[in-house]
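A.B. asks: would you be able to build a 3D model of this:
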Amino acid sequence: MITVYVKKYRKIIFFILFFTIHCLLFTHYCLAGEEVVVTSETIEYFGDTSTYVAKGSVKIQKGDRIIESDEISYNEQNSEVIATGNVRYDDPEIAITAREAEMNIEKETGRLYDAEVFHKIDNYHIFGREIEKRGEQYFFSPWATITTCDAPIPPWRFTGKDVDIRVGERLKARDVSFRIKNIPVFYTPYFWASVYTERKTGFLMPTTGYSKLRGFYVSLPFFWAISENRDATVFLDVYTRRGLGEGLEYRYIEPEDVKGNWWLYHIRDTKLEKNFFELRGFHEQWSKDGIEGFLNINYVNREDFYREFSPYLEIRTKRFLESTGEISLPLKYSRLYLLSQYWVDLKEEIRPTIQRLPEVGYILYPTKFGHFWFSAMATLSNFWRDEDTFGQRLDIYPKILHKFGKDVVLSQALGFRETTYSLYRSEDSSLHREALEYSVLAHTRIMKRYHSLTHVLEPSLGYTLITDSESLPFFDSTELFEKTSKVEFSLLNRFLNKGGEFAVVKASQGFDAEKGDRPFLPFRLEVGIRKPLSLRIDSTYDVHKGKLISINSDMYFRISKAAISAGQQYNEPEDVSVYKIGFDLYPSKLWNINSRLWYDSKSNTMRDFTVNVKYISQCWGVNISFNKRPGDYTVAVKFDLKGITKNFKI
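C.D. replies: Just a heads-up that it's a prediction; the model follows:
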């Protein structure tokens with residue numbers, strides 16, 4: 001036996017030992033050029049076995065990678081390394097602790113005993129009595145436990161046999177039990193999960209719940225990572241009272257700003273004995289130089305689909321579904337386009353919905369010629385419906401704009417509109433309209449600075465003249481271009497402080513001489529406040545009737561760990577009067593509680609009430625939602641396990 005204490009010789013030996021252990025565990029980190037720092041109490045060489053042995057608080061550091069152990073031995077004949085007693089390895093991505101480690105330099109294989117492998121990026125903890133290294137970034141254990149929780153007794157864990165791990169790719173095992181604390185609650189013969197990856201093929205976490213109308217249900221999604229830029233999700237929904245639903249969502253992103261998302265769903269309703277189909281999707285393709293466009297599809301085969309199956313008020317109360325497609329050719333200062341629109345009426349049809357199939361148009365953006373700006377629009381549209389009047393329309397609308405002034409700015413616009421029709425199912429198949437439009441607006445700004453705020457007053461006075469109006473079939477807003485002689489005055493108040501604009505108040509009143517004995521238009525008041533609370537009010541007052549005819553308001557106020565919102569939608573002509581109120585509570589970083597209530601004062605009924613409770617801890621979370629609407633209520637529960645529920649396979 002030869003005892004060596006020479007510092008230079010000891011560094012050479014430990015340089016070899018460091019690369020033996022480090023390259024064996026993580027070959028992709030074996031980079032030359034970094035200084036090796038070695039400390040230990042003794043180093044011995046046994047000539048009869050050609051073995052170096054280092055003992056006593058052995059520590060080897062190279063860059064940001066550290067290996068520690070009570071004892072390390074290296075056999076230079078068979079390239080075997082054994083580290084025993086408190087073996088620890090650490091680098092920016094992975095940390096390993098073990099009672100003992102056996103490794104082979106040439107084969108890049110080895111075994112860890114009573115070990116934990118910790119993947120820092122996604123917080124994976126893998127515990128095993130024996131963990132075998134089968135190759136670069138490839139580990140296997142006959143029995144192991146997996147979790148992403150840091151607690152000594154984790155809130156959840158998976159325990160299984162034949163645990164197979166490829167760092168940066170996936171983890172799989174068999175005979176796996178899922179435990180909450182130490183209590184087994186679930187078993188699966190096969191388990192698969194991604195490690196270090198955000199997109200991986202596999203089942204996503206299911207959602208379970210109960211609905212009064214649909215019964216108990218479970219939604220089980222399967223995610224398919226087709227390629228780096230394409231993926232799909234397949235859904236299977238099981239309703240105990242309504243049958244099975246199947247869904248498919250497909251997403252893609254292509255070079256040159258091309259992307260899309262498509263959704264197809266079908267359910268055979270066993271109660272109503274109906275087949276429901278839904279198709280939604282969009283495709284966008286934009287270009288600075290060539291042809292660009294988009295396609296947006298929204299279609300259901302039955303008008304009551306959302307009322308039967310959607311838990312969301314905004315979707316259930318939709319009146320129309322719009323599908324639109326457009327191809328556009330950008331030009332210098334202008335563009336050509338081809339457009340189609342298709343509407344689905346989700347309520348009882350008073351008259352057939354008009355469809356725009358298709359429309360071709362040309363738009364000239366405002367272009368400067370001397371002191372004037374010139375713009376134009378020309379469209380040729382084909383309108384179609386099963387019943388009532390339909391046909392073609394040509395609309396040409398050029399305009400000249402001019403602006404001058406400094407303290408008082410005067411803006412003028414002069415336009416001519418020619419609209420002609422070729423109609424079917426109409427008493428007059430050939431109608432036309434020629435109208436001259438002139439508008440002028442005078443605008444100025446007055447500013448007053450006070451000690452802590454600035455008040456900006458912006459009055460404006462405008463006049464609009466449209467010379468002619470014919471009785472035309474109504475297809476869209478083009479037909480609203482009616483004979484007008486309107487004067488409108490508005491007063492805008494803006495309030496600013498050191499933090500910027502915090503309040504805006506605008507009042508406007510119009511007078512239209514073409515309105516006969518009721519020439520005064522509704523008085524409109526708009527209020528917007530940012531601080532100390534967020535408030536928006538838009539109201540109109542009929543001066544002839546002497547009452548408010550519409551109010552739209554939204555208020556949001558946050559204090560400490562709570563937030564309150566309220567709003568109103570009132571429209572007398574459309575017979576709408578709805579109130580809404582909501583609150584959000586944030587008792588701690590782990591909890592979030594929110595609720596929303598919609599009340600219809602016209603029918604004196606609660607249209608919708610929702611409560612969501614969300615809990616998120618270090619490694620797991622749960623979302624419980626409750627929804628109540630007339631004739632139905634729904635309770636849904638969804639769990640999230642960090643690092644597992646995004647992509648897991650059973």
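A.B. asks: residue boundaries of the helices in the stretch 301-450 of the chain?
C.D. replies: 305-309, 313-316 (DSSP state H, counting those that start in this stretch).
A.B. asks: which strands or helices does the last one pack on?
C.D. replies: With contacts defined as 3 or more CB pairs under 8 Å, 6 or more residues apart in numbering; DSSP states H and E, the packing partners of helix 313-316 are helix 305-309. Where you see a C-beta, it was placed from the backbone N, CA and C, and this is true even at glycine.
A.B. asks: distance to residue 236 for the helices of the stretch 301-450 of the chain - can I get that in CSV?
C.D. replies: Shown next, in CSV, are those (distance: least, CB to CB, whole Å):
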stretch, distance to residue 236
helix 305-309, 15
helix 313-316, 21
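A.B. asks: highest mean neighbour count out of these?
C.D. replies: helix 305-309 (a mean of 19; mean count of other CB atoms under 10 Å).
A.B. asks: so what's the gap between that one and the chain middle?
C.D. replies: When distances are taken as CA atoms, centre = their mean, to the nearest Å, helix 305-309 is centred 23 Å away from the chain's centroid.
A.B. asks: and for that helix, what's in contact with it?
C.D. replies: 213-214, 245, 267, 269, 272, 276, 278, 300, 315-316, 318, 346 (CB atoms under 8 Å, 6 or more residues apart in numbering).
A.B. asks: ok, these vs residue 527, which is closest?
C.D. replies: Closest approach to residue 527 among the contacts of helix 305-309 (CB to CB): residue 318, at 28.7 Å.
A.B. asks: determine the number of other residues adjacent to the closest one.
C.D. replies: Residues near residue 318, counting by other CB atoms under 10 Å, number 17.
A.B. asks: could you do the one 3 residues further on as well?
C.D. replies: Applying other CB under 10 Å, we find 18 other residues in the vicinity of residue 321.
A.B. asks: hang on, the earlier thing: could I get the contacts of helix 305-309 as a markdown table with pLDDT and distance to residue 47?
C.D. replies: What follows is the contacts of helix 305-309, written out as a markdown table (pLDDT from 0 to 100; distance: CB to CB, whole Å):
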| residue | pLDDT | distance to residue 47 |
| --- | --- | --- |
| 213 | 91 | 84 |
| 214 | 92 | 80 |
| 245 | 95 | 76 |
| 267 | 96 | 79 |
| 269 | 94 | 84 |
| 272 | 91 | 89 |
| 276 | 95 | 83 |
| 278 | 95 | 80 |
| 300 | 93 | 85 |
| 315 | 84 | 81 |
| 316 | 82 | 85 |
| 318 | 83 | 86 |
| 346 | 86 | 90 |
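A.B. asks: that older thread, check the helices of the stretch 301-450 of the chain for me: which has the lowest mean pLDDT.
C.D. replies: Looking at the helices of the stretch 301-450 of the chain, the lowest mean pLDDT belongs to helix 313-316 (a mean of 82).
A.B. asks: and that one, how far out from the chain middle?
C.D. replies: That offset, for helix 313-316, works out to 18 Å (CA atoms, centre = their mean).
A.B. asks: and stretch 269-289, by the same measure?
C.D. replies: 18 Å.
A.B. asks: returning to what we had before: quick check: which of the helices of the stretch 301-450 of the chain is nearest to residue 114?
C.D. replies: Nearest of those (CB to CB): helix 305-309, 52.8 Å.
A.B. asks: contacts only, for residue 377.
C.D. replies: The neighbourhood of residue 377, defined by CB under 8 Å, 6+ apart, consists of 361-364, 395-398.
A.B. asks: what of residue 278?
C.D. replies: Residue 278 makes contact with 263-266, 299-301, 305, according to CB under 8 Å, 6+ apart.
A.B. asks: and the pLDDT for residue 173?
C.D. replies: 90.
A.B. asks: next one: residue 351
C.D. replies: 67.
A.B. asks: that older thread, so which of the contacts of residue 377 sit within strands?
C.D. replies: Among those, the residues falling in strands (DSSP state E) are 361-364, 395-398.
A.B. asks: so which of the residues you listed wins on neighbours?
C.D. replies: Highest neighbour count within the ones in strands among the contacts of residue 377: residue 395, with 21 neighbours (other CB under 10 Å).
A.B. asks: so how far is residue 325 from that one?
C.D. replies: 20 Å (CB to CB, to the nearest Å).
A.B. asks: out of the helices of the stretch 301-450 of the chain, nearest to residue 202?
C.D. replies: helix 305-309 (26.4 Å).
A.B. asks: so what's the residue count around the residue nearest to residue 436 when sequence neighbours are not counted?
C.D. replies: Excluding the flanking residues, the one nearest residue 436 by CB to CB, 6 or more residues apart in numbering is residue 467, at 4.3 Å. Using other CB under 10 Å, residue 467 has 14 neighbouring residues.
A.B. asks: what does residue 79 give?
C.D. replies: 14.
A.B. asks: next one: it from residue 131, what distance?
C.D. replies: Following CB to CB, the distance that separates residue 79 from residue 131 is 20 Å.
A.B. asks: in CSV: the contacts of residue 278, plus secondary structure.
C.D. replies: Formatted as CSV, the contacts of residue 278 follow (DSSP: H, G, I helix; E, B strand; the rest coil):
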residue, secondary structure
263, strand
264, strand
265, strand
266, strand
299, strand
300, strand
301, coil
305, helix
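A.B. asks: who touches the nearest residue to residue 318 once chain neighbours are set aside in this structure?
C.D. replies: Nearest non-adjacent residue to residue 318, counting by CB to CB, 6+ apart: residue 346, 5.6 Å away. By CB under 8 Å, 6+ apart, the contact set of residue 346 is 300, 303, 306, 318-321.
A.B. asks: go again with 10 Å.
C.D. replies: Residue 346 is in contact with 300, 302-307, 315-321, counting by CB atoms under 10 Å, 6 or more residues apart in numbering.
A.B. asks: for the residue nearest the centre of the chain, give the beta-bridge partners.
C.D. replies: The centre of the chain sits closest to residue 261, judged by CA atoms, centre = their mean, with a distance of 12.5 Å. Taking DSSP bridges as the rule, residue 261 bridges to residue 251, residue 282.
A.B. asks: list the contacts of it.
C.D. replies: 249-253, 280-284.
A.B. asks: pLDDT at it, what is it?
C.D. replies: Reading off the model, residue 261 has pLDDT 97.
A.B. asks: least confident secondary structure element in the protein?
C.D. replies: Scoring the helices and strands of the chain by mean pLDDT, DSSP states H and E places strand 2-4 at the bottom, with a mean of 37.
A.B. asks: strand partners (parallel or antiparallel) of the top strand by length along the chain?
C.D. replies: For the chain, the strand with the greatest residue count under DSSP E is strand 408-424. The pairing partners recorded for strand 408-424 under DSSP bridges are strand 390-404 (antiparallel), strand 432-444 (antiparallel).
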